[in-house]
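# quick check, what structure comes out for this input:
(one chain, ligands or ions: 2)
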Amino acid sequence: MPRTALEPRFQVEYLSILDSDGNVDASLDPHLPADELKRLYRAMVLGRRLDERMVRLQRQGRIGTFAPIKGQEAAQLGSVATLRPSDWMVPSFRETAAMLWRGWPIEKLLLYFAGYLEGGQPAPEQHDLPIAIPVATQLPHAVGLAYAAQYRGDDVVTMVYFGDGATSEGDFHEALNFAGVWHVPVVFVCQNNQWAISVPLKKQTHSRTLAQKALAYGFTGIQVDGNDILAVHAASREAVERARAGDGPTLIECVTYRLGVHTTADDPTKYRTNEEVAEWERKDPLTRFGGYLKKKGLLEEGLETQVDAEIARAVERFEAVGAPDPLVMFDHAYGTLPGHVAAQRDAMAARLADGGPRASDEEHPSPPMRGQRTTRR
Ligand SMILES: Cc1ncc(C[n+]2csc(CCOP(=O)(O)OP(=O)(O)O)c2C)c(N)n1
Ligand SMILES: [Mg+2]
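Residues are numbered from 1 along each chain as shown. Ligands and ions are numbered 1, 2, ... in the order given. Coordinates of the predicted model:
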């Protein structure tokens, strides 16, 4: 018997609309209204300036470990902007710009990264899940939300974020398989920033693209220039409409780059070259979108100053919040504390009641936390 092609129709498209100088492919221009273009650019600038500020706050010991987004603003904002407030947004741990767009106050994000419980809680009416640190675990949750919406007949789409590294996790494959089988209204947004900490993409997969992984699960995958906000927006709008119309999931691979450190605990000079970073700096999403707006006469003067003032006010509000109660860390991991953990909690409570670190701790001093009284200079 002859061999026959069972499925000759598979293809993965690549979409790019803006070049690195902000010139647009007129045939693909999504023609977003001027107001929306300006709002998106402002959100990009806010995302970038806050990101830089948060790295400095961490260096000054004013917040804890933080995962910067520098370089990924277009991938996040182009996609999240296509959602309605009633849709669900499910972040990983590097979605500051998307979260700001969804209405998370800046000071709440600062509280989260300073270790306050309150910083991780979405507002009651908000259709966002909290930040997920364990890689890819948010993907099955997102598919569950979409499945629930489908089951209840709610007119709601779920958009979930994750990185290139997450595609190696079992959770990713289980989530995509479930989404494909049940045809649920979900949009998978993979920010392929080329690195999973120090592991490069080529050690993550032997596939030509990450987008093509959708084909195995029976739905559409598309690769977009993730530093081109118009391309991300166009692909996301199409995917959200498809989901809303009951036509199933989409995987969007945004090809982008993490220009900064993985987290403030990382030193990327140990595993990647300055030339590689410089090459991606030339594709900076802000420069490209800014160039496009300038040609349209939509670039606002003084935007950075405005945005910096907004950030400064939020930092002030954040720093006016009193020190967190360290005992809170025992509150939510267990329904009932196991005996040995309860003993640790009691020991800590006694120690705090005693006025803080004992003399015996002085041999191995830990750095003071914000708000903790200390006589050490
Ligand atoms: C289950 C799990 N394993 C390992 C880690 C440690 N870790 C944190 S981020 C990360 C890499 C994630 O890479 P990617 O998915 O590409 O996202 P990116 O950090 O590039 O945004 C790893 C291994 C973790 N948080 N969770
Ligand atoms: Mg990555």
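# alpha carbons only for contacts and neighbour counts from here, please
Will do.
# near ligand 1, which residues of the stretch 1-150 of the chain show up?
Within the stretch 1-150 of the chain, the positions adjacent to ligand 1 are Arg94, Ile133, Pro134, Val135 by Cα under 6 Å from any ligand atom.
# what helix or strand does the first one sit in?
Read that as Arg94. No secondary structure element spans Arg94, as it lies outside all helices and strands (assigned by DSSP states H and E).
# surely it and Lys70 touch.
No: the pair Arg94 / Lys70 is not scored as a contact, 9.8 Å apart, by Cα atoms under 8 Å.
# which members of the residues of the stretch 1-150 of the chain next to ligand 1 are the farthest-apart pair?
In those, the most distant members under the criterion Cα to Cα are Arg94 and Pro134, with 12.1 Å between them.
# and these two? Which one has more around it.
Neighbour count, other Cα atoms under 10 Å: between Arg94 and Pro134, Arg94 has more, with 24 against 10.
# residues contacting that one?
With contacts defined as Cα atoms under 8 Å, 6 or more residues apart in numbering, the neighbours of Arg94 are Ala67, Pro68, Ile69.
# for the first one, give its distance to Ala245.
The gap separating Ala67 from Ala245 is 35 Å, by Cα to Cα, to the nearest Å.
# more neighbours, the two?
For Ala67 versus Ala245, neighbours defined as other Cα under 10 Å are more numerous around Ala67 (20 against 12).
# any idea how far Ser92 is from that one?
The gap separating Ala67 from Ser92 is 10 Å, by Cα to Cα.
# all strands of this structure, in order?
Assigned by DSSP state E, the chain shows strands spanning 13-15, 88-90, 158-163, 186-192, 195-196, 199-200, 220-225, 250-255.
# quickly compare those and say which is most buried.
Ranked by mean neighbour count under mean count of other Cα atoms under 10 Å, those are led by strand 250-255, which reaches a mean of 29.
# quick one: pLDDT of the closest residue to Ala132 other than its chain neighbours?
In space, Ala132 comes closest to Ser92 once its chain neighbours are excluded; the distance is 4.8 Å by Cα to Cα, 6 or more residues apart in numbering. Ser92 is assigned a predicted lDDT (pLDDT) of 98.
# can you count the residues close to Ser92?
22.
# one more: the one 3 residues further on?
Neighbours of Glu95 under the rule other Cα under 10 Å: 23.
# same check, this time on Gly78
In terms of burial, Gly78 registers 24 neighbours under the definition other Cα under 10 Å.
# now it, nearest residue through space, not along the chain?
Setting aside the residues directly before and after it, Gly78 is nearest to His233 in space (Cα to Cα, 6+ apart), at 4.2 Å.
# and Ala67, by the same measure?
In space, Ala67 comes closest to Thr263 once its chain neighbours are excluded; the distance is 4.2 Å by Cα to Cα, 6+ apart.
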